[in-house]
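Participant: what would the 3D arrangement of this be:
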Amino acid sequence: MVARFSTVAGGQDSADNLRDVRGFSVRFYTEEGNWDMVGNNTPVFFIREPSKFPDFIHTQKKDPRNNLVNWQNRWEFWANHPQSFHQVTILLSDRGIPYSYRHMNGYSSHTLSFYNERGERVWVKWHFKTNQGIRNLTDEQARHYHINPFDLTKVWPHADFPLMEIGQLELNRNPDNYFAQVEQLAFSPSNFVPGISGSPDRVLQSRLWAYADAHRYRLSVNYQQIEVNRPRCPVSNYQRDGLMAAAASPGEAREGGQYALTNFYPNDRAAEGAPVPDASVVEPPMPLEQEAWVNYHDNRDEDNFSQAGELYRLFDEGQRERLARVFATTLQEVTAGVRQRVIAQCCAADEDYGRRVAQACREGAGESATAEQTLNNP
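Facilitator: Sure, this is the predicted structure:
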């Protein structure tokens, strides 16, 4: 297997000690193809609607005018999207700056699914801790559970869905060539193997096509022929040639290989080895039921704050004080209207949360006024 960790909002100049979400991606080279788990070090994300992603990422990247982080943009987006508050609480808490890549968890964040040869499907979330674990949810539980199980801004409470330990992931070797094995590594959430699939999570559905599309632009249409992206099992399809097509490897001239005699389907050459779909690994139909499954998820009456409040109440006194100071520091140059909405969201999560942030903002404003007065009247 291969893994890649990174910061998210920063570019190649981003330091490892900045406050940021960390990308957490792993690829398993299996006997049936590659499976990519493309997640983060947080169990939730800022948005639940994929069309919001371009606007969201514009606010997180550096201001194009001065190449600096613009906290007004960030807070203005978050204040107008209260579903972000759970992730904001994580980001601005101590968890927002992992001690190192060895001292953080990894999550699929999205709900995925397992299915078997009987066509039975269960919903799962992946947790990568010291011990790797999963949580699974049946179709019946998903339909009647009190939160939308496909909402990327929510977690599944462990009290309801205890983690199931399935193994341990060991990272024991660094890359030999950074460019070849890290820069050219192309993870995609759509890389599944038989038995693992997606879910109606709207943000996941958009990522299933967007990642591969970006890789084709960045690395060419044949990016999956690059060594670090090549499956470790025979590949059988009818794709041929194109930019950066790799030289023929042993077996590539067979039927189903890159340089096979047959490059069209359907055909009459299955007996000669031309590939045909394998009915034994066909994915069962995806259930599509009710508004929460397929329609736009209306969040006007959505509870965006209780889980953030539960997380806040898990923090000790020092963690709560540091969280409030980070809020106040980043809100210092933000407009009053945005700042008031953010404090209201803190109060909605927990009264003490809102009180501390409001107090820290007042103290920060007082310190700034004193410093300005000192500068003007030396």
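Participant: okay, and residue 126 sits in which element?
Facilitator: Using DSSP states H and E, residue 126 maps to strand 121-128.
Participant: what helices or strands is that strand leaning on?
Facilitator: strand 33-40, strand 106-107, strand 112-115, strand 132-138, helix 139-144 (3 or more Cβ pairs under 8 Å, 6 or more residues apart in numbering; DSSP states H and E). Yep, even glycine has a C-beta here, placed from its N, CA and C like the rest.
Participant: what is the mean pLDDT for the shortest one?
Facilitator: By that I understand strand 106-107. On average, the pLDDT along strand 106-107 is 92.
Participant: how distant is it from the center of its chain?
Facilitator: In terms of Cα atoms, centre = their mean, to the nearest Å, the centre of strand 106-107 is set 8 Å apart from its chain centre.
Participant: which strands or helices does it pack on?
Facilitator: Looks like strand 106-107 contacts strand 22-30, strand 33-40, strand 121-128 (3+ Cβ pairs under 8 Å, 6+ apart).
Participant: can you put these in JSON lines and add distance to residue 357?
Facilitator: Output for the helices and strands packed on strand 106-107, formatted as JSON lines (distance: least, Cβ to Cβ, whole Å):
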{"stretch": "strand 22-30", "distance to residue 357": "24"}
{"stretch": "strand 33-40", "distance to residue 357": "24"}
{"stretch": "strand 121-128", "distance to residue 357": "29"}
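Participant: now render those as a markdown table, adding mean neighbour count and mean pLDDT.
Facilitator: What follows is the helices and strands packed on strand 106-107, written out as a markdown table (neighbours: other Cβ atoms under 10 Å; pLDDT from 0 to 100):
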| stretch | mean neighbour count | mean pLDDT |
| --- | --- | --- |
| strand 22-30 | 19 | 93 |
| strand 33-40 | 21 | 93 |
| strand 121-128 | 21 | 90 |
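Participant: so which of these is nearest residue 115?
Facilitator: For the helices and strands packed on strand 106-107, the distance to residue 115 is smallest for strand 121-128, at 4.4 Å, taking Cβ to Cβ.
Participant: which neighbours in the sheet does that closest one have, and how are they oriented?
Facilitator: Using DSSP bridges, strand 121-128 pairs in its sheet with strand 106-107 (antiparallel), strand 112-115 (antiparallel), strand 132-138 (antiparallel).
Participant: hmm, residue 108 is touching residue 125, no?
Facilitator: Yes - assessed by Cβ atoms under 8 Å, residue 108 is found in contact with residue 125 at 5.6 Å.
Participant: common neighbours of those two, please.
Facilitator: Residues touching both residue 108 and residue 125 (Cβ atoms under 8 Å, 6 or more residues apart in numbering): there are none.
Participant: what is the burial count for residue 225?
Facilitator: With neighbours defined by other Cβ atoms under 10 Å, the count for residue 225 comes to 20.
Participant: gap between it and residue 86?
Facilitator: For residue 225, the distance to residue 86 equals 40 Å [Cβ to Cβ, to the nearest Å].
Participant: with residue 96 instead?
Facilitator: Counting by Cβ to Cβ, the separation of residue 96 from residue 86 is 13 Å.
Participant: between those two, who's got more neighbours?
Facilitator: Legend: neighbour count by other Cβ under 10 Å for residue 96 and residue 86, higher for residue 86 (26 against 20).
Participant: okay, helices next: where are they in the stretch 251-378 of the chain?
Facilitator: Listed in chain order, the helices of the stretch 251-378 of the chain (DSSP state H, counting those that start in this stretch) span residues 290-294, 306-314, 317-331, 336-349, 351-376.
Participant: distance to residue 202, mean neighbour count and mean pLDDT added to those, as TSV?
Facilitator: TSV is the format used below for those (distance: least, Cβ to Cβ, whole Å; neighbours: other Cβ atoms under 10 Å; pLDDT from 0 to 100):
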stretch	distance to residue 202	mean neighbour count	mean pLDDT
helix 290-294	9	13	47
helix 306-314	19	17	94
helix 317-331	29	17	93
helix 336-349	23	18	95
helix 351-376	28	14	74
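Participant: so for residue 102, which of those sits nearest?
Facilitator: Going by Cβ to Cβ, the one of these nearest residue 102 is helix 317-331, 20.9 Å.
Participant: kindly export that closest one (C-alpha atoms) in CSV.
Facilitator: Listed in CSV are the C-alpha atoms of helix 317-331, where the atom choice follows Å, rounded to 0.1, in the frame of the first residue of the first chain:
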residue,chain,number,x,y,z
GLU,A,317,-10.3,23.9,30.6
GLY,A,318,-7.0,24.6,28.8
GLN,A,319,-8.4,23.4,25.5
ARG,A,320,-11.5,25.6,25.8
GLU,A,321,-9.4,28.7,26.6
ARG,A,322,-7.0,28.1,23.7
LEU,A,323,-10.0,27.5,21.4
ALA,A,324,-11.5,30.8,22.4
ARG,A,325,-8.2,32.7,21.9
VAL,A,326,-7.8,31.3,18.4
PHE,A,327,-11.4,32.4,17.6
ALA,A,328,-10.7,35.9,18.9
THR,A,329,-7.3,36.2,17.2
THR,A,330,-8.7,35.3,13.8
LEU,A,331,-11.8,37.4,14.2
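Participant: neighbouring contacts of that helix?
Facilitator: Here helix 317-331 has contacts from 19, 71, 74-75, 89, 92-94, 96, 312, 315, 338-339, 342, 346, 352-353, 356-357, 359-361, 363-364, using Cβ under 8 Å, 6+ apart.
Participant: tilt between that helix and helix 336-349?
Facilitator: 160 degrees (axes from the mean of the first three to the mean of the last three Cα atoms, to 10 degrees).
Participant: secondary structure element for residue 212, which one?
Facilitator: With DSSP H and E as the test, residue 212 turns up in helix 202-219.
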